[in-house]
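1. Could you look at this predicted model? Sequence included:
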Amino acid sequence: MVIYNAKDYNDMSRKAANIISAQVIIKPDSVLGLATGSTPEGTYKQLVEWYKKGDLDFAKVKAVNLDEYKGLSKDNDQSYAYFMRKHLFDHVNIDINNTFIPNGLEEDSKKECARYNQVIKSLGGIDLQLLGIGGNGHIGFNEPGEAFEKETHCVKLTDDTIKANSRFFASLDLVPKFAYSMGIKNIMQAKSILLVASGKSKADALYKAIYGEIVPSVPASILQLHNNVTIVADDDALSIIKEKGLL
Ligand code: F6R
């Protein structure tokens, strides 16, 4: 595991965008596993800037997202499909037919999860998986639990996550209670993983993920078992790790 200490959110975003750019330059037909949420917004903004300057080409890139709320259509402005178009896909030359995200409107969870696992397999695996981390240590929507979920599954979101995500919705009641998410096995099969973290609210989860026991109650702790993980985190997110003299 390599840890890059960024000084703040902007620095984290630039460093993360540099790593994604390098991946796309080295392998123009990369399969990128993508995440939503506040943390990668700056990374996507930077990638769009570099694309506009002519430094990046997404023509052959394929993108497969981690998760989607169950019950939201791709045109709902709180859906992750909408987020991806708004922050990245609408601004670069990626072929929208090469972008994949669970279908929030599919009510049959078993069917949708099987379909999405098949999508990931048919892409030949993920070259670089971008991850954020929840304050409770979740990755994708793999919430703390009794066991690591393997493949795409339908998740009942925890109260913590519903509360954290309610900042994007008009009220707490409007936050969906379920989501489709890639499982830990899907994530761990990515050839490389880039985890971004910013802010004090992530410090405890990041410390436990990197230095704690590998337990399903901290889903991100499984990343200790992957052989190609890069973490780009700012001073605040690394504060506990630094206080303990681990970095
Ligand atoms: C989103 C996702 C989530 C977020 C996590 C952190 O696709 O997979 O695991 O990465 O909830 O969210 P932010 O970045 O909003 O703090």
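-> In hand now; what should we look at?
2. How about the contacts made by Val232?
-> 4, 6, 12, 15-16, 19, 194-197 (C-beta atoms under 8 Å, 6 or more residues apart in numbering). In this view, the C-beta of every residue, glycine as well, is placed from N, C-alpha and C.
3. so what's it bridging to?
-> Beta-bridge partners recorded for Val232 (DSSP bridges): Tyr4, Val196.
4. Quick check: it vs Leu246, distance?
-> Val232 sits 17 Å away from Leu246, going by C-beta to C-beta, to the nearest Å.
5. Tell me where this structure has helices.
-> Assigned by DSSP state H, the helices in the chain fall at 9-26, 41-52, 80-87, 109-122, 159-165, 184-188, 203-211, 239-243.
6. Is any residue of the longest one near the ligand?
-> Translated: helix 9-26. No. Judged by C-beta under 6 Å from any ligand atom, helix 9-26 makes no contact with the ligand; its nearest approach is 10.7 Å.
7. How about Ala81: what's its closest non-neighbour residue?
-> Distances taken as C-beta to C-beta, 6 or more residues apart in numbering put Lys74 closest to Ala81, at 3.6 Å, once the chain neighbours are dropped.
8. And for that neighbour, the neighbour number?
-> Residues lying near Lys74 (other C-beta atoms under 10 Å) number 15.
9. what sits against it?
-> Contacts here follow C-beta under 8 Å, 6+ apart; on that basis Lys74 touches 81-82, 101, 103-105.
10. what's the closest of the residues you listed to Glu143?
-> Proximity of the contacts of Lys74 to Glu143 (C-beta to C-beta) peaks at Gly104, which lies at 17.6 Å.
11. Please name the residues that touch the closest one.
-> Counted by C-beta under 8 Å, 6+ apart, Gly104 has contacts 68-74, 76, 79, 81, 176, 180.
12. go again using 7 Å as the cut-off
-> By C-beta atoms under 7 Å, 6 or more residues apart in numbering, the contact set of Gly104 is 68-73, 79.
13. Go through those residues and name the one nearest the ligand.
-> Proximity of those to the ligand was ranked by C-beta to the nearest ligand atom; the top entry is Glu68 with 8.5 Å.
14. hey, what's the closest one bridged with?
-> Beta-bridge partners recorded for Glu68 (DSSP bridges): Tyr180.
15. Tell me who's in contact with the nearest residue to Lys7 once chain neighbours are set aside.
-> Ranked by C-beta to C-beta, 6+ apart and with sequence neighbours excluded, the top spatial neighbour of Lys7 is Asp235, at 6.0 Å. Shown in contact with Asp235 (C-beta under 7 Å, 6+ apart): 5, 7-8.
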